[in-house]
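*Asks:* sharing a model prediction with you, sequence too.
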Amino acid sequence: MPKINIDGKEIEFKQGQTIIEAAKDHGIEIAHFCWHPKLSVSGNCRMCLVEVEKMPKLVIACATTAADGMVVHTQSSKSLAARNAVMEFFLINHPLDCPICDEAGECKLQDYTYKHSVGESRFVEEKVKKGKRIQIGPYVMFDADRCIMCSRCIRFCDEIAKDPELTFTKRGDRVFLTTYPGEQLDNLYSMNVVDICPVGALTNSDFRFKSRVWEMSLINSVCTGCARGCNIELWVRNNEVLRLVPKYNEDVNSYWMCDHGRVNTFKFINAEDRVDGPHIRVEGNLTRVGWDEAYAEAASRLKAFGKDEIAVLGSAFATVEDNYIASKFAKSVLGTGNLDFVRHIDPSFGDDILRRNDITPNSLGAELAGVKPSKNGNDFNGIIKAIKEGKIKALYILEDDIIAENSELENVFAKLDLLIAHATNFNKTTVLADIVFPAATYAEKNGTFVNFNGRAQRIRPAVATLDVDRALEGMAMSRWDKFGTKFDRWAQGKHFDARSSWKILVGLASAMGQKMKYGMAEEVLLDMANNIDAFKGLDYDVLGEFGVQLKTVNSKS
Amino acid sequence: MSEKNIPAKKRIKDLNSLEKVYFPEILKALKLTLKTMFRPKFTMQYPEEKFIPTGSYRGRPILVMENNGEERCVACGLCARVCPPLAIEVQAAETEKEKERYPVRFEINMLRCIFCGFCEEVCPEEAIVMSKDYELAFTKREDAIYGKDKLLVPVNQLPDKIGFLRNYR
């Protein structure tokens, strides 16, 4: 393999790589603004200027192909001086907006000003003003003063979102980023430009001014918007999820995620209509009761039915662990074979970038976990038919608002003698339910999702409930979480009384006289690893940061 | 540290004969008392008489209110970040004004505050300053959490502080 020498370090590179790529592969960071590993090279920021021996002038590392025997200096006095000069040029027209800028704290320009700039400006004239607070798209706010003209956003729209909407107009220091006439930055992936913008020119208008980034904690999780399972970070302050940001995973979503996933999949977590504590229908109204009372009520009412009169519906929104326990609960505790889950397919949702028509995060996982009818049992359509015929009188639904999807079922479910539902929020299904158990959301539990392609990925708790304690669970803690007391208003975020579905089922099984010995979600997965071929050898350490491709699943990509 | 370095205590055997008699020493003390009696008094008759500090004094932190009745603060959160005892909480929100953001909630827990003045020092807008107010007493924990209603003070009441900051910072 050819070799290149960077700062005295001999490194190997693949033929055709540029200097910056070769350096990145070996952990050497060359300062850059406009270069992005997944975008084409534009070479206009000039920040990555490095000195290459035998070359007459400094070259930009992002556009110079590495050649065997090349000797590169990134810290020589010449390249240091060049970086200083480039930074000084950037800061000439960049406003001192950091106190009111949402990017502050995670800003490339801020970081580089500390690292690569002398910190003084010789510019005493008036800065160029181009306009602030320009709503450039439904979710993106543009501040033209802060823009450093790196063109990353333009290239993203052209190359990744495949929907050219942005362009530069004018020249020199009056270069202005704008949309094409009559267009808006409204492609389905528009908010990724917020992540790749190296300054605060493009900011998330959904998250605007909600919190400073250093006040929050973040934890890795998986988006629940569709079957792709994009890796995400959940950003939390005062026990409230404030934003989602995609996390790099080459095998799933690269650096990106869609706007739907980013904006619509976390607001229900702290919504007003969350189910807080178990509820039983008393005189027509759902009334909050204690856990023991709810378990006892559910157990005694379930016992009144014959085995074939009960059906259980798992959920493609719940984790693999939840579905595994649901199938176990149905088969060995209730003894019923009427077991299935509902697939939610929206043919208009998918595209050929990331979005999939299956709008649930875990339909393959539910299937693999064993949520399917036994030989004599009914599948979903069979269950509905049997309810209509009066053969099935009790229905147990995991986290899934089935009626919202299909309102005809409202009349069907009205015929049931008993409807028990696990729900995160009150919805159309809980309106009919006799007993509602409060299910923890994906941000409040440990678990595993299997995406459409058979990749098992972990979710982790980011929001504390009465059941999961932030400190005891080892969840990410901000400074505020660590030092807040019950007397501090900024540490009194809402803690819901909710539990993971598998935990609720284990409790209910115990109330029905059958002990299932699971203490935590990982024990459920370990049990599955021993019993189900697809999950063989899995535990949470093996799943790790990027997840694992299940071997027995045919890759459909 | 060795014991040798510690100065030995003066024992009775070390005193000279005049000191051993005691009486001259008592006279010396009375002389000091008499001298002080005719000097001007430093003691203030608080609370009848109030101590008025200079501009550099670090009393309770307050938010500067402009003449138009609005706070200078842009809710950047730097005071909350720098505050060693985590006394400050800021929640920003958007405003139509040119400054774009303002604090929709600004609370200082005076039970946590240690009057270090870091908030004043870090503030990019000269919006939070240490006032001359030192009279702080509460009977309830909740009373000690000061919101914007208690924190906002008109800028024309703070000439000493603003002058001090302009001259010495």
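*Replies:* Structure's in. What do you need? For clarity, every value in this text was computed on a predicted model and none was experimentally measured.
*Asks:* centroid-nearest residue for chain B?
*Replies:* Within chain B, the residue whose C-alpha comes closest to the C-alpha centroid is residue B:58; the distance, by Cα atoms, centre = their mean, is 3.2 Å.
*Asks:* give the contact list for the closest residue to residue A:76 other than its chain neighbours.
*Replies:* Taking Cβ to Cβ, 6 or more residues apart in numbering or on different chains, and ignoring the residues beside it in sequence, residue A:76 has residue A:51 as its nearest neighbour in space, at 4.8 Å. To be clear about C-beta, it is placed using only N, CA and C from the backbone, and glycine gets the same treatment. With contacts defined as Cβ atoms under 8 Å, 6 or more residues apart in numbering or on different chains, residue A:51 is in contact with A:58, A:72-74, A:76, A:78-79.
*Asks:* helix, strand, or coil at the residue nearest to the centre of chain B?
*Replies:* At residue B:58, secondary structure determined by DSSP: H, G, I helix; E, B strand; the rest coil is coil.
*Asks:* tell me if I'm right that it and residue B:118 touch.
*Replies:* No: the pair residue B:58 / residue B:118 is not scored as a contact, 10.3 Å apart, by Cβ atoms under 8 Å.
*Asks:* what are the contacting residues of stretch B:119-127?
*Replies:* Where contact means Cβ under 8 Å, 6+ apart, the residues beyond stretch B:119-127 that reach it are A:99, B:58, B:61, B:63-64, B:71-74, B:76, B:78-79, B:81-83, B:88, B:128-130, B:162, B:165, B:169.
*Asks:* from one end of stretch A:483-498 to the other, what's the distance?
*Replies:* According to Cα to Cα, to the nearest Å, stretch A:483-498 extends 25 Å from its N-terminal end residue to its C-terminal end residue.
*Asks:* what pLDDT, on average, does that stretch get?
*Replies:* Averaging the model's pLDDT scores along stretch A:483-498 yields 91.
*Asks:* now stretch A:36-48
*Replies:* Stretch A:36-48 comes out with an average pLDDT of 95.
*Asks:* list the buried residues of it.
*Replies:* In terms of neighbour count (16 or more other Cβ atoms under 10 Å in any protein chain shown), stretch A:36-48 has its buried residues at A:36, A:39, A:41-48.
*Asks:* pull the most distant pair out of those.
*Replies:* Largest separation among these by Cβ to Cβ: A:39 and A:46, giving 16.8 Å.
*Asks:* any idea whether whatever residue of chain A ends up closest to chain B is helix, strand or coil?
*Replies:* In chain A, no residue comes nearer to chain B than residue A:99, which is 3.3 Å away by Cβ to the nearest Cβ. Residue A:99 carries the three-state label helix when classified by three-state DSSP.
*Asks:* show me what contacts it?
*Replies:* The contact partners of residue A:99, by Cβ under 8 Å, 6+ apart, come to B:74, B:76, B:78, B:124-125.
*Asks:* residue A:323 should be in a helix, yeah?
*Replies:* Yes: secondary structure assignment (three-state DSSP) places residue A:323 inside a helix.
*Asks:* pLDDT score for it?
*Replies:* Looking at residue A:323, its pLDDT reads 97.
*Asks:* which ones are touching it?
*Replies:* Residues near residue A:323 by Cβ under 8 Å, 6+ apart: A:314-315, A:341, A:362, A:365-366, A:369-371, A:398.
*Asks:* cool, and residue A:461?
*Replies:* For residue A:461, the contacting residues are A:219, A:443-446, A:468, A:473, A:475, taking Cβ under 8 Å, 6+ apart as the criterion.
*Asks:* shaky segments in the chain?
*Replies:* Assuming you mean chain A. Along chain A, segments meeting pLDDT under 70 span A:553-557.
*Asks:* look at chain B instead
*Replies:* B:1-4, B:6-8.
*Asks:* wait, residue A:546 touches residue A:220, no?
*Replies:* No: counting by Cβ under 8 Å, no contact exists between residue A:546 and residue A:220, whose distance comes to 9.5 Å.
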